[in-house]
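1. Here's my sequence, what's the structure:
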Amino acid sequence: MRVLIINGPNLNLLGLREPDIYGKQSYADLCAYCQSAAAELGIDCECYQSNHEGSLVDKIQEAYGKFDGIVINPAAYTHTSVAVLDALKAVALPAVEVHLSAVEDRESFRRLSYAGLACRKTITGLGFEGYRRALEYLALGKE
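-> Next up is the predicted model:
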């Protein structure tokens, strides 16, 4: 199984950006964590991050026919991007939305997830562990 892990804007600044919310580990740490979790599950995964909405849409579209599923943390585009939603719907790959923080407990505007409308599951507030659970869900059909 091949899974594409997509991370949106500002996740490249993990460890620097609001560490009280997002933790002190870096984006490189997140990618290493995901690679390790995927290997334990027998999954081949690729991590991708962009601060640009169009690049995220392009990457989702490129996943068609190459990957078996998507784990996506659209970050700020969660709440604004119909384009990301439409791309996820177009490729119709099983997708799981992940957020490091508990977005439902934060500002009210963060409670609406466009991307989540195209995802089979949303996992929030578990930090890096949310990515492992998303991979498990895609690989095993469970958290």
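2. Touching the helix or strand of the chain with the lowest mean pLDDT from outside, list them.
-> Lowest on mean pLDDT, DSSP states H and E among the helices and strands of the chain sits helix 19-22, with a mean of 81. Residues outside helix 19-22 that contact it (CB atoms under 8 Å, 6 or more residues apart in numbering): 14-15, 100-101. In this view, the C-beta of every residue, glycine as well, is placed from N, C-alpha and C.
3. go again using 7 Å as the cut-off
-> With CB atoms under 7 Å, 6 or more residues apart in numbering as the test, helix 19-22 has contacts from 14, 100-101.
4. Check stretch 131-143 too.
-> For stretch 131-143, contacts defined as CB under 7 Å, 6+ apart pick out 1, 3, 5, 33-34, 37-38, 41, 43, 69, 71, 94, 96, 98, 121, 123, 126.
5. Give me the distance between the residue lying closest to Gly23 once chain neighbours are set aside and Ala92.
-> Among residues not flanking Gly23 along the chain, Gly127 sits closest, at 5.7 Å (CB to CB, 6 or more residues apart in numbering). According to CB to CB, to the nearest Å, Gly127 and Ala92 sit 29 Å apart.
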